[in-house]
Structure formats: structure tokens, C-alpha cells
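Engineer: Let me see the structure of the following:
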Amino acid sequence: MSNTAVRYLTMLRMVPRYPKAITTTELASRLDEQGFSVTMRSIQRDLEKLSTDFPLLVDETSRPFQWSFDREATMDIIPALDLPAALTFELARAYLRPMLPPRALSHLKPHFDEAHRTLLRERNPLGQWPNRVRVINRGLGGKRPDIDADVLETVTEALLREFRCKLTYQARNWPEPAEIVVHPFGLIFRDPNVYLIGSIEGREGVRQLVLHRATAGELVEEPLERPDDFDLDLYISSGAMGILHSRKPLFLHLRCDKPVLNHLIESPLGFDQVTTEIDEHTFEIAVTVGDTQDLRWWLTAQAVHCDIVEPIWLRQEIAATLEQGLDRMRLKD
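Structural biologist: Numbers count the residues shown, from 1 in each chain. As a prediction, the model looks like this:
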């Protein structure tokens, strides 16, 4: 392949999708870093030539000109999307659609569309696979709260560039919205909400900000400050994403019915879970878990299928909750 052809491909890979754009000056600098010494005038001529065959857009209202790919353009530049890759994109769309906000999915739409077209034109049994696969989430499946598109863009850019961001945010217990500066540490998608984990300037501790409660966002191009010992996985495993009753881990011993709770054998509640077969109808598990409200909700829901052997105080707490529920139901009679 000629040096010019390689430069063309390298340059195309540097052009972002609209509404983001790159100037000819930025392209010249980045191409120089890749070993291509070329003038801005040459880049401009190259882009004009390439735009006849590729969906390139140019904003001529500013100097230097700004270039981008059409928002709906499919990136089917070499290599072509093959059947296994197309199938993977189709399955990813099925799985991600219930979890991600529409704005986040919109960035992948051109790839999803190209995958769908590839499967339709391929005479292969795999092409029918998406029609035979569905994703069903546990729970009631209520409507997910809408997230402001600009807020999501701001937060993701701040995370990627490790900058701070300014949000207009309304917490449940705040009397009115407030403008806060956030140091973002990570995003957690926990159906149905999206949580920004980070710290707020002027306030102590790591906070969980529910993104749909933010109405405006702005990038602050100053480096964020993150504790050296912060780890997103450790934060989650600490039980912080549940309503913590105690930061002390809880040793749980359950006697479970088969086959209703067999999924606990296949999907353990913790890394240290030990499973013991009792008889053909029963098994027991011993595991260390976080002492959270989510645990209590689950134990209450599964009360007809499992016994809490230990700790006794938790068994008594769940029993009291069930009795209160029964009393409430009886009062309605």
C-alpha cells in the first residue's frame, strides 16, 4: 500500500463523528506525531477529495475548517463487518437497550444498523439468531428516569479526561437545586438508575449522585482529585451501593429449598460461599455478604423458600418484618 493511502486511512480514523469535530490544524499535528509530515493545505485538499467517497462534513464558518463524520455514517471502512461481529453487535444491542440511556446508545446506532444490514443480506442460519434471543431483566421493569443528554455527555467526558464537572443537582433531601462541582471517580449502571460516584467540593466523603436528578452540566477543565486508595470494584463490594446497615461484613448461613433456589449454587452470593447438600430437597450455603437493605429485601421475598440459620438476630428481624406485613394485610380485610 502506498504511503499516501496509509495517510488517508490514518487521517480518516482521526475524524470524529458529528457533533464533535477536528480542525485541519489538529489533524496536521496528530499526523506529524504519526510520522506524516504534511501541510494544512494538503490536508484540506485530501479531505475534500475523500469527502466525495466518505460521509465527511465540514464547517466552513470557522477558521481553520472543522471536519467530522456524518452522525448516521456507518464505519464500514476496511475491514468489513463479518457475520460473527455483526451477530455480536445485535446481541449487544438487545442486552444494552434496557440498561443504557438513549443518548449513550445513540453513539452505537450506526454500528448496530450496519450489523443488522449485514445479517439481513447474509444467507446463513446465524442471521436469524437475533430473532430467537431476548433479554429479560429481573424485577418489575418500570420506566427508567430520563437523563439530560448534556449532563451525560459532560459526565462521561469528565471521567475520560479526568477533569472536574459542574452540575445543577437536586438531591432528595435538598430544599432546592444547587450548583455543585464534582470530582468524578466512576459510573455505575444499576437498573433502573445511573449513578455518578465521586466527591463534591466542600463536602466530605464519597457520594452517589443519581444522574437523572441533574438538570445541567458543564466541564471544568481542572484535574480531579481522587483518593489514592479508591477502587470502584472495592467500593461496590463494600456494600456501598445498597443501603448499608453496617460496614461490618455479615456471615450468612441459609438452609434452602430445591429446586427453587438452585440458582444460588450456580451464582454464589459471595466469593467465599460454601454449599452443602443436605438431602434431595434441601441444601445449605454459608457466605460472607454486605449488611445491606437489599439483603433484607431479598431474604423477605425468599422467606417461604429458605431458613436463616445464622445470624439469629437477622432471622428475628426478618420475622418481625413479615409479621408487620401480615398485620397490615389483615387490617385491610
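Engineer: And the strands in the protein?
Structural biologist: Remark: strands assigned in the chain by DSSP state E are 22-23, 56-59, 66-69, 163-169, 178-190, 193-200, 207-210, 214-223, 244-257, 274-279, 282-292, 306-310.
Engineer: what's the closest of those strands to Ala5?
Structural biologist: strand 56-59 (16.8 Å; CB to CB). For every residue, glycine as well, the C-beta is placed using N, CA and C.
Engineer: Keeping just the C-alphas, turn the closest one into PDB.
Structural biologist: C-alpha atoms of strand 56-59 as PDB (Å, rounded to 0.1, in the frame of the first residue of the first chain):
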ATOM      1  CA  LEU A  56     -17.500  13.700   5.800                       C
ATOM      2  CA  LEU A  57     -18.900  17.000   6.900                       C
ATOM      3  CA  VAL A  58     -17.100  20.400   7.000                       C
ATOM      4  CA  ASP A  59     -17.900  23.500   9.000                       C
END
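Engineer: In a markdown table: the strands of the chain, plus mean neighbour count, distance to Arg45 and mean pLDDT.
Structural biologist: Below are the strands of the chain laid out as a markdown table (neighbours: other CB atoms under 10 Å; distance: least, CB to CB, whole Å; pLDDT from 0 to 100):
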| stretch | mean neighbour count | distance to Arg45 | mean pLDDT |
| --- | --- | --- | --- |
| strand 22-23 | 17 | 15 | 87 |
| strand 56-59 | 16 | 12 | 86 |
| strand 66-69 | 21 | 13 | 86 |
| strand 163-169 | 21 | 35 | 93 |
| strand 178-190 | 17 | 41 | 88 |
| strand 193-200 | 20 | 44 | 88 |
| strand 207-210 | 17 | 47 | 90 |
| strand 214-223 | 15 | 33 | 90 |
| strand 244-257 | 15 | 62 | 86 |
| strand 274-279 | 10 | 68 | 93 |
| strand 282-292 | 18 | 61 | 91 |
| strand 306-310 | 16 | 72 | 94 |
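Engineer: Can you lay out those strands as CSV showing distance to Thr4?
Structural biologist: Below are those laid out as CSV (distance: least, CB to CB, whole Å):
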stretch, distance to Thr4
strand 22-23, 20
strand 56-59, 17
strand 66-69, 18
strand 163-169, 37
strand 178-190, 41
strand 193-200, 45
strand 207-210, 49
strand 214-223, 36
strand 244-257, 61
strand 274-279, 63
strand 282-292, 59
strand 306-310, 69
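Engineer: For the nearest residue to Val260 once chain neighbours are set aside, give me its contacts.
Structural biologist: Closest residue to Val260 apart from its sequence neighbours, by CB to CB, 6 or more residues apart in numbering: His305 at 4.7 Å. The contact partners of His305, by CB atoms under 8 Å, 6 or more residues apart in numbering, come to 256-257, 260-261.
Engineer: I'd like these as TSV, with distance to Pro227 appended.
Structural biologist: Formatted as TSV, those follow (distance: CB to CB, whole Å):
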residue	distance to Pro227
Cys256	39
Asp257	44
Val260	42
Leu261	38
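Engineer: and these, which two are the farthest apart?
Structural biologist: Cys256 and Val260 (7.8 Å).
Engineer: what about the top helix by length along the chain, distance to the chain center?
Structural biologist: Under DSSP state H, the helix in the chain containing the largest number of residues is helix 312-331. Helix 312-331 sits 36 Å away from the centroid of its parent chain (CA atoms, centre = their mean, to the nearest Å).
Engineer: buried stuff in that helix?
Structural biologist: 314-315, 317-318 (16 or more other CB atoms under 10 Å).
Engineer: So Leu159 is in contact with Val182, correct?
Structural biologist: No. Counting by CB atoms under 8 Å, Leu159 does not reach Val182; the two are 10.4 Å apart.
Engineer: related to what we said a few turns ago, out of the strands of the chain, which gets nearest to Ala85?
Structural biologist: strand 66-69 (19.6 Å).
Engineer: Enumerate every residue touching the residue nearest to Leu224 when sequence neighbours are not counted.
Structural biologist: Closest residue to Leu224 apart from its sequence neighbours, by CB to CB, 6+ apart: His183 at 4.1 Å. The contact partners of His183, by CB under 8 Å, 6+ apart, come to 164, 198-201, 224-226.
Engineer: Adding distance to Gln208, write the residues you listed out as JSON lines.
Structural biologist: What follows is the contacts of His183, written out as JSON lines (distance: CB to CB, whole Å):
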{"residue": "Arg164", "distance to Gln208": "17"}
{"residue": "Gly198", "distance to Gln208": "9"}
{"residue": "Ser199", "distance to Gln208": "11"}
{"residue": "Ile200", "distance to Gln208": "11"}
{"residue": "Glu201", "distance to Gln208": "16"}
{"residue": "Leu224", "distance to Gln208": "16"}
{"residue": "Glu225", "distance to Gln208": "18"}
{"residue": "Arg226", "distance to Gln208": "15"}
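Engineer: That'll do, ta.
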